[in-house]
Structure formats: C-alpha cells, structure tokens
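Trainee: Next comes the sequence, and after it the predicted model I'd like to discuss.
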Amino acid sequence: MKYLLMIYTDEQQDAQRSPEESEANMGDYYAFTNAVREAGVMVAGEALHPTTAATTVRVRQGQTTSTDGPFAETKEQLGGYYLLDCQNLDEAIKWAAKIPGAKDGSIEIRPIWEFED
C-alpha cells in the first residue's frame with residue numbers, strides 16, 4: 001500500500017540554523033532518501049519551497065479566488081514529503097520515525113486511495 005509521509009517543521013526555526021547545521025540536516029535527508037531507495041519502497045519525494053511561496057485557491061459560488069500563503073496559520077508547516085510503497089502502516093511508521101524532520105517536527109502519514117482504471 002502506498003503512504004504519503006508529510007514532513008511538518010517550523011520554518012522560522014529551520015531558518016535560524018547555522019550553515020553547518022543546515023548542511024548536516026540535508027546530509028541526514030540524503031541518507032534517508034538513499035535508505036528508502038535501497039529498500040525499494042520509495043515512489044517519490046520532494047522538498048517544498050517555504051509557505052511564503054504558497055498560493056491558496058478557493059472556489060465559492062462559482063467564483064475563483066487566490067490568496068498568497070498557506071490555507072491555514074499553523075505552528076508547523078508542510079516542508080516536503082515522501083511517497084512510499086510499504087507492506088502496511090507499521091512499516092510506514094518505522095520509515096517515518098527515521099525522517100530527520102521527526103526529531104523536531106512531525107510526520108503525518110496518510111494512506112493513498114488506489115483507484116482501479
């Protein structure tokens with residue numbers, strides 16, 4: 001089953017890291033990415049630009065509006081994701097616990113609906 005592992009961290013806290021801390025953090029992400037690739041469970045994964053680059057679109061009564069920023073103000077922001085193909089939720093949880101962002105943020109796991117063609 002495919003699971004989306006969404007990485008939530010505090011963008012302001014992330015921005016305060018020293019260059020050395022940022023480089024070490026990215027090294028941890030590269031190592032994790034290599035591990036899920038080698039295990040054969042990685043389907044996709046990407047980092048996202050900060051919420052300052054976000055645009056939210058809504059359609060109400062046939063009218064489309066767009067606003068700058070994320071749809072909600074939160075303490076933690078979605079910073080990236082991994083899409084993994086795991087045997088079950090327990091395996092997805094094991095991988096989620098190894099994502100570097102889990103140390104100071106949170107990882108939300110969502111199963112993917114798989115529709116037949």
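Mentor: Thanks, I have the structure now.
Trainee: Now the helix or strand hosting Tyr82: buried residues?
Mentor: Tyr82 belongs to strand 77-85 when elements are defined using DSSP states H and E. Buried positions in strand 77-85, judged by neighbour count with 16 or more other Cβ atoms under 10 Å: 77-84. Yep, even glycine has a C-beta here, placed from its N, CA and C like the rest.
Trainee: Would you format these as a markdown table with pLDDT included?
Mentor: What follows is these, written out as a markdown table (pLDDT from 0 to 100):
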| residue | pLDDT |
| --- | --- |
| Gln77 | 91 |
| Leu78 | 93 |
| Gly79 | 94 |
| Gly80 | 96 |
| Tyr81 | 98 |
| Tyr82 | 98 |
| Leu83 | 98 |
| Leu84 | 98 |
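Trainee: Dump those residues to CSV, plus distance to Asn34.
Mentor: Listed next are these as CSV, based on distance: Cβ to Cβ, whole Å:
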residue, distance to Asn34
Gln77, 25
Leu78, 23
Gly79, 19
Gly80, 16
Tyr81, 17
Tyr82, 12
Leu83, 16
Leu84, 14
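Trainee: Give the next helix or strand downstream of the longest helix seen in the chain.
Mentor: Ranked by residue count and defined by DSSP state H, the top helix of the chain is helix 19-38. Using DSSP H and E, the helix or strand that directly follows helix 19-38 along the chain is strand 42-47.
Trainee: Now do that next one: which elements does it pack against?
Mentor: The contact analysis (3 or more Cβ pairs under 8 Å, 6 or more residues apart in numbering; DSSP states H and E) places strand 42-47 against helix 19-38, strand 77-85.
Trainee: quick one: average confidence on the first one?
Mentor: Over the span of helix 19-38, the pLDDT mean works out to 97.
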